[in-house]
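# Model the structure of this input:
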Amino acid sequence: MQIKYSKLLNKEQLKAVTTLERPLLVIAGAGSGKTRVITYRIAHALEKGVKQSEILAVTFTNKAAMEMKQRIRAITGLKLHKLTVSTFHAFGVSVLKKHGSLLGYKQNFSIYDQSDRDSLIKEILNEDRTGDVKDTHILSDMFSRIKMGREDMNSQDGNITELYNRYQLHLKSYNAVDFDDLIVLPIELFTLHGKILEGYQRQYRHILIDEFQDTSEAQYTLIRMLGNKIKNICAVGDDDQSIYSWRGADFGNIIRFEKDFPETLEIKLEQNYRSTSIILSAANELIKNNTVRKLKTLRSTNKKENLIQLYFPDNEREEGEWIADKIRTLSIRHSLKYHDFSVLVRTNHLTRHIEEAFLRDNLPYKVSGGISFFQRREIKDIIAYLKVLANPDDNINLLRILNVPRRGIGLRTVEKLINLAETKGVSLFGIISALRFSEKNVFEKKINDSLTDFITLVDYYREIILKGKNMAKAIDSMVESINYWGYLLSENKKKQIAQWKYQNIMSFLESIKEYETNPDNLSPNIYEYLNRITLNSKDEQSGDIRGKAHIMTIHSAKGLEFDTVFIAGLENGIIPHIRALSDDEKMLEEERRLLYVAVTRAKNRLFLTSCKTRKRMGKPEESAVSPFLKEIPEKYIQYCTEETEGPDEEKDYFALLKKKVLR
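Prediction:
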């Protein structure tokens, strides 16, 4: 069945979908159907005879990749086993699994998440050859900036350089990579092995990049290398929604793209299918104050005329109570579900009073950005066991579980094992295995027996798990064998907490069972499963959100939409953040983009709050209203009092702004 694209897409979308044989830059404004364009473009390419294996689409979250593939399947009705729609990091994993040996990695390499990375840095620091540097988070961030080319290692002092080099050596000796490696190692591979790169260039004749404004310089380099030959590369993004410079995103890649691919056709998507004309007009007026941007003006198809509501609560407690009351009232008045509401804040610390108000009103809610399921301690313990079963040379995860549950293996034993392993040039697993057959008693019998039992356990379950059949059953047996339930009871004073944690493990086993019985997983195995959950841990775990109001940071809300949105804390020093109140115009423009993103999450109603006072260091201080509010014209705003939802005739919006000291 041939798809009638002209009936499904507007003029600009149609042009973006049907222009296949040249570089394409699609500037897709908020709510303009970006994902629709990408999915229909892939469907159109398949319809024109492009093979699934010739298409590569990359995005930033596994959720987005999965949704994209589901949409393409729904449009085409095809099975998509050979179509590559993945995150940048997942694509990096696939490259390293095929060719990582050329860089000295075994195929069963481990992927270190932030927790593993911090543990490795702690291990290096504990070797006492590093001076006074002790903050693992600062070091981890610095190592990431160095690795991704955002900071010059030559500008660091010798101590940092030594630490970084040893961090890299430890990763390599443990047959492990971190998330940054999943981008930089494929670049290194393609640079050193031109024929491998040529193979990928021949294979992927059509490349699509989602959320292009969020790509880092390294991610752009990777994509440019892949698409430099055929040049059928489509970048879709919006410079007005670039809000991740703090983690390496560089919307300057849009300019680089046009220089690297001079034949580029630029298409702007300015028709918005989400927000009312008033909300969009306010957003347009706000963002036009940025000087570094692609000019565009969003147009609305939603003709509802709800003015933006602005409220000045006395303090943060009143702010939370007012928001909770408005949500309850609006849900009844307009027959809305609680999940139709979202409260957006600049930083997480602003949620406490809002949460307290919701709890007092018994209003169901979910805070996004909490500890994900796979980051819970008990789940991390079992994952560490699985990582060691998959890759026994993984020292970091072996150290995590060597005495979990307790086996009487203390710090001194561990230090001695580490020294022996370094002397022999082997992993901890290797040295412990060797000790079983050594005639020399390095440790007392009790410790030797514990170490032998541990190695025997790993060897036994490793053999079972690598068969790739009944993995959940095998892991359940292992959890019982190590008496993890008894360990939870000993570690938690309340039995209910231990039961809750153990139930989490049962849920984890259920997820493994679902994975291995899913017919879409053609060859389920422990390596693929571990890679999948490690990459998923980078995403926000949404959980069950039906019937719950959302409380989240603006960064977490990007890509989402809600019927009614509250933006709390519109005060100077909050948004824009206090760090942006210098002469750094780039930071100020990013803060404005952040508010633009928040405003354009709203479909029908938008509420803004700015407290007159807010506690700082435990003491109430007068707050200044955000200067960004002055950039929204008066005609789009109506002032709310605590008692009324409509306009207060005796109050003038701009007069109220003038009464507040704008810093």
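# and the helix or strand hosting Asn159, which residues are buried?
With secondary structure defined by DSSP states H and E, Asn159 is part of helix 158-173. Of the residues in helix 158-173, those buried by neighbour count under the rule 16 or more other CB atoms under 10 Å are 160, 163-164, 166-167, 170-171. Where you see a C-beta, it was placed from the backbone N, CA and C, and this is true even at glycine.
# got a list of contacts for it?
Outside of helix 158-173, the residues within contact range by CB atoms under 8 Å, 6 or more residues apart in numbering are 104-105, 112, 120-121, 123-125, 129-131, 133, 139, 142-143, 146, 153, 156, 177-178, 181, 393, 395, 427.
# Can I get the buried part of those residues as one PyMOL selection?
Applying 16+ other CB under 10 Å to the contacts of helix 158-173, the buried members can be selected in PyMOL as follows:
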select buried, resi 105+112+120+121+123+124+125+130+139+142+143+146+177+178+181+393+395+427
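# among the contacts of helix 158-173, which are in helices?
Among these, DSSP state H puts 120-121, 123-125, 139, 142-143, 146, 181, 395 in helices.
# quick one, what contacts His577?
His577 makes contact with 346-347, 587, 591 under the criterion CB under 8 Å, 6+ apart.
# Now list the buried members of those residues.
By the neighbour-count criterion of 16+ other CB under 10 Å, the contacts of His577 include these buried positions: 346, 587, 591.
# okay if I get those residues as a markdown table plus pLDDT?
Formatted as a markdown table, the entries for the buried ones among the contacts of His577 read as follows, by pLDDT from 0 to 100:
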| residue | pLDDT |
| --- | --- |
| Arg346 | 94 |
| Met587 | 90 |
| Glu591 | 96 |
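# Adding secondary structure, write those out as a markdown table.
Conversion of the buried ones among the contacts of His577 to a markdown table gives the following (DSSP: H, G, I helix; E, B strand; the rest coil):
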| residue | secondary structure |
| --- | --- |
| Arg346 | coil |
| Met587 | helix |
| Glu591 | helix |
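# from the residues you listed, which single one is nearest Glu514?
Relative to Glu514, the closest of the buried ones among the contacts of His577 is Arg346; by CB to CB it sits at 37.3 Å.
# check contacts around that closest one.
By CB under 8 Å, 6+ apart, the contact set of Arg346 is 553-554, 569, 574-575, 577, 594.
# for the chain, which helix is longest?
Counting by DSSP H, the longest helix found in the chain is helix 495-517.
# Contacts for it, please.
Defining contact as CB under 8 Å, 6+ apart, one finds that helix 495-517 is touched by 373, 376-379, 382, 468-472, 475-476, 479, 484-485, 488-489, 491-492, 521, 524, 529, 532.
# Can you give me the buried ones in the helix or strand that it is followed by?
Per DSSP H and E, helix 495-517 leads on to helix 526-536 as the next helix or strand towards the C-terminus. Residues 526-531, 533-536 are the ones in helix 526-536 that count as buried (16+ other CB under 10 Å).
# Next up, the contacts around Ile279.
Contact partners of Ile279, counting by CB under 8 Å, 6+ apart, are 300, 308, 599-600, 602, 606.
# swap the cut-off to 10 Å and go again
The neighbourhood of Ile279, defined by CB atoms under 10 Å, 6 or more residues apart in numbering, consists of 31, 272, 298, 300, 302, 304, 306-308, 565, 599-606, 636.
# Is it possible to mark the buried ones in these?
In the contacts of Ile279, burial by neighbour count holds for 31, 272, 298, 300, 302, 307-308, 565, 599-606, 636, counting by 16+ other CB under 10 Å.
# circling back to that earlier point, so of the contacts of Ile279, which ones are in strands?
Counting by DSSP state E, the part of these found in strands is 272, 300, 302, 308, 565, 602-606.
# Sort those by pLDDT and name the bottom one.
Across the set of those, Asn302 stands lowest in pLDDT, at 82.
# Surely that one touches Asn604?
Yes - using CB atoms under 10 Å, Asn302 makes contact with Asn604 at a distance of 7.2 Å.
# Pull out the buried residues from stretch 344-353.
By neighbour count, and taking 16+ other CB under 10 Å as the criterion, the buried residues in stretch 344-353 are 344-346, 350-351, 353.
# Having no further points to raise, I will conclude here.
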